[in-house]
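Enquirer: Let's see this in three dimensions:
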Amino acid sequence: MNLPNFTSLNYDDSVPLRNLLRHVAPFVPKLPEAFAMDLLRQKYIDFARRTRMLACEIVMDYQSGVKDYYLVPPQDHEVYSIVGIDGGHHGYYWYGMQRTQVKTDFDVMDNNCIRLHNTPSVDRHDGLKVFVNLLPKACIDYMPASVALPFGQDIGRGVVADALVIPGKDWTSPVLARKYELDYERMLLSARALSSSNRKIDSTSMKPVRIL
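Expert: Numbering: from 1, shown residues only. This is a model prediction of the structure:
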């Protein structure tokens, strides 16, 4: 399987989240579709939170005299953590860039805004790049195709596990649920390792700035 580069995913190349139901329905055929979609959204959010796989490079103009910069993530996503910032002399550097400094030269004001410690003195088009991890919102209806292909089946297995432990249903089977849960957990370990190594993050020297 050819895995994509996960440094910054293409959120325009997406597939409906509903497509993953084909990995759920054969194992829990009596599970109502609306209920299955709700479980699927929850599991996808859990996947994103635990693997930090959903990354994005937010590019903005670097503006003279402006210290506050507002982060605009892809539609139906929110910023989970800031991994790196590159612009002028601010911030620290992430994958593939020479790390001339490893420190934080900005403050996180809220989930959508960072404040540079030093006011820029020049304008530069697309001069500020902020690397972030994302979480899907609860209303999410799609996912990047580059995530769906390698991980969609196991995300579906996680949904099957959640469905099988619901008590008092015709399909309830805690023992079988454990099997699918282990498949999902193994995938999470693999995906998290891939997202870290692919971005060349040295966990001993660079820590994401959590804001949620």
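
Enquirer: ok, what's across the strand from His77?
Expert: Pro136 (DSSP bridges).

Enquirer: quick one: it and Ala55 touch, right?
Expert: No. Counting by Cβ atoms under 8 Å, Ala55 is not a contact partner of His77; they are 10.8 Å apart. Placement of C-beta: from N, CA and C, glycine included.

Enquirer: more crowded one of these two?
Expert: Taking neighbours as other Cβ atoms under 10 Å, His77 and Ala55 compare with Ala55 leading, 22 against 17.

Enquirer: give me phi/psi at the more buried one?
Expert: Main-chain dihedrals, Ala55, degrees, to the nearest 10: phi -110, psi 160.

Enquirer: List the residues that are in contact with both of His77 and Ala55.
Expert: Leu134 (Cβ atoms under 8 Å, 6 or more residues apart in numbering).

Enquirer: quick one: contacts for Gln42?
Expert: Asp162.

Enquirer: Secondary structure element holding it?
Expert: Element membership of Gln42 [criterion: DSSP states H and E] is helix 33-51.

Enquirer: likewise Val79?
Expert: Here Val79 is assigned to strand 77-86, by DSSP H and E.

Enquirer: That strand to helix 33-51, inter-axis angle?
Expert: 20 degrees (axes from the mean of the first three to the mean of the last three Cα atoms, to 10 degrees).

Enquirer: Now do strand 77-86: distance to the chain's middle.
Expert: 10 Å (Cα atoms, centre = their mean, to the nearest Å).

Enquirer: Use 103 as the first number for this chain going forward.
Expert: Let's use 103 as the start, then, which means that last one is strand 179-188.

Enquirer: Average pLDDT for it, rounded please.
Expert: Taken as a whole, strand 179-188 has an average pLDDT of 84.

Enquirer: Does anything pack onto that strand? Which helices or strands?
Expert: In terms of contacts (3 or more Cβ pairs under 8 Å, 6 or more residues apart in numbering; DSSP states H and E), strand 179-188 is packed against strand 226-238, strand 311-312.

Enquirer: Most tightly packed of the ones you listed?
Expert: Most buried of these, by mean neighbour count (mean count of other Cβ atoms under 10 Å): strand 226-238, with a mean of 19.

Enquirer: hmm, who's touching that one?
Expert: 109-110, 143, 146-147, 150-151, 154, 156-164, 171, 173, 175-176, 178-190, 192, 196, 216, 245, 310, 314.

Enquirer: partners of the following helix or strand past that strand, with directions?
Expert: Going down the chain from strand 226-238, the next helix or strand is strand 244-246, by DSSP H and E. When pairing is defined by DSSP bridges, strand 244-246 lines up against strand 116-118 (antiparallel).
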